[in-house]
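*Asks:* Need a 3D model of the following:
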Amino acid sequence: MNQTIANLYIDQSQPDITSISEKCMLVRLNMDILLLILVSVAISAFLKAFFSLFFDSKTIIHNQLPPGPPPLPLIGNVFWLYTPISKLESHIRSLHAKFGPIITIHLVSRPFIMVADRFIAYKALIQNGATFADRPAGAIAAARVLDKSQNSISSSPYGPTLRLLRGNLATGIFPPFTGKSTSSCS
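*Replies:* All right, here's what the predicted structure looks like:
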């Protein structure tokens, strides 16, 4: 009986050659699959960036945007990456001096429009506020996943529902006027 227990310990202490070689083959196979996936994703990203330079399906939209520095595919404008925050305002001012009071800055793949003239900003936000008030389609699509009813201020599109929710927030949650109570210096 003791010999059989000793034989079991001896058998367990010796590694099984077939199981080790099978494990190595599985690891190699998994690494090969991972390498294939990484290479195919890299090639796909390169081809998308290359073809978007020549065959852009949004050329009509790009032609309607205000001028700005040319973006790189998948990155946008590179100056965001190397400009320190302390010098960002002066860099944006130099872009306004070069391209005019309205410029387009691309951050990753989204265009951002910056307005430097207060009269143009007033005309865009006050006189034509309903035109620019809605959220981008991607933000609303992401909000649909998180909030199916879209009955929240953060996810509802511009319209009567949003105006009602903002009115309820202003009258029901926030006090009517708290400026004097917080600004007294006594």
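
*Asks:* any idea where the strands of this structure begin and end?
*Replies:* For the chain, applying DSSP state E gives strands covering 102-107, 110-115.

*Asks:* Could you dump those strands into CSV with mean pLDDT and distance to residue 67 added?
*Replies:* For every residue, glycine as well, the C-beta is placed using N, CA and C. Shown next, in CSV, are the strands of the chain (pLDDT from 0 to 100; distance: least, CB to CB, whole Å):
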stretch, mean pLDDT, distance to residue 67
strand 102-107, 88, 6
strand 110-115, 86, 11
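
*Asks:* Reformat those strands into JSON lines and put mean neighbour count and distance to residue 134 next to each item.
*Replies:* Output for the strands of the chain, formatted as JSON lines (neighbours: other CB atoms under 10 Å; distance: least, CB to CB, whole Å):
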{"stretch": "strand 102-107", "mean neighbour count": "18", "distance to residue 134": "19"}
{"stretch": "strand 110-115", "mean neighbour count": "14", "distance to residue 134": "14"}
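
*Asks:* for the ones you listed, which one sits closest to residue 92?
*Replies:* With CB to CB, the closest approach to residue 92 among the strands of the chain belongs to strand 110-115: 6.7 Å.

*Asks:* and stretch 106-126, C-alpha only, in CSV?
*Replies:* Only the C-alpha atoms of stretch 106-126 are listed here, as CSV (Å, rounded to 0.1, in the frame of the first residue of the first chain):
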residue,chain,number,x,y,z
HIS,A,106,-10.6,68.8,-35.6
LEU,A,107,-10.2,66.8,-32.4
VAL,A,108,-9.8,63.1,-33.4
SER,A,109,-12.4,62.9,-36.1
ARG,A,110,-14.9,65.5,-34.8
PRO,A,111,-14.9,69.1,-36.1
PHE,A,112,-15.2,71.8,-33.5
ILE,A,113,-16.0,75.3,-34.6
MET,A,114,-14.5,78.2,-32.6
VAL,A,115,-15.9,81.7,-32.9
ALA,A,116,-13.7,84.7,-31.8
ASP,A,117,-16.0,87.6,-32.8
ARG,A,118,-18.7,88.5,-30.3
PHE,A,119,-21.1,89.8,-32.9
ILE,A,120,-20.9,86.5,-34.8
ALA,A,121,-21.3,84.6,-31.6
TYR,A,122,-24.4,86.7,-30.7
LYS,A,123,-25.9,86.1,-34.1
ALA,A,124,-25.3,82.3,-34.0
LEU,A,125,-26.3,81.7,-30.4
ILE,A,126,-29.1,84.3,-29.8
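
*Asks:* about what we covered before: distance to residue 159 added to the strands of the chain, as a markdown table?
*Replies:* Output for those, formatted as a markdown table (distance: least, CB to CB, whole Å):
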| stretch | distance to residue 159 |
| --- | --- |
| strand 102-107 | 27 |
| strand 110-115 | 22 |
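
*Asks:* Fine by me, thanks again.
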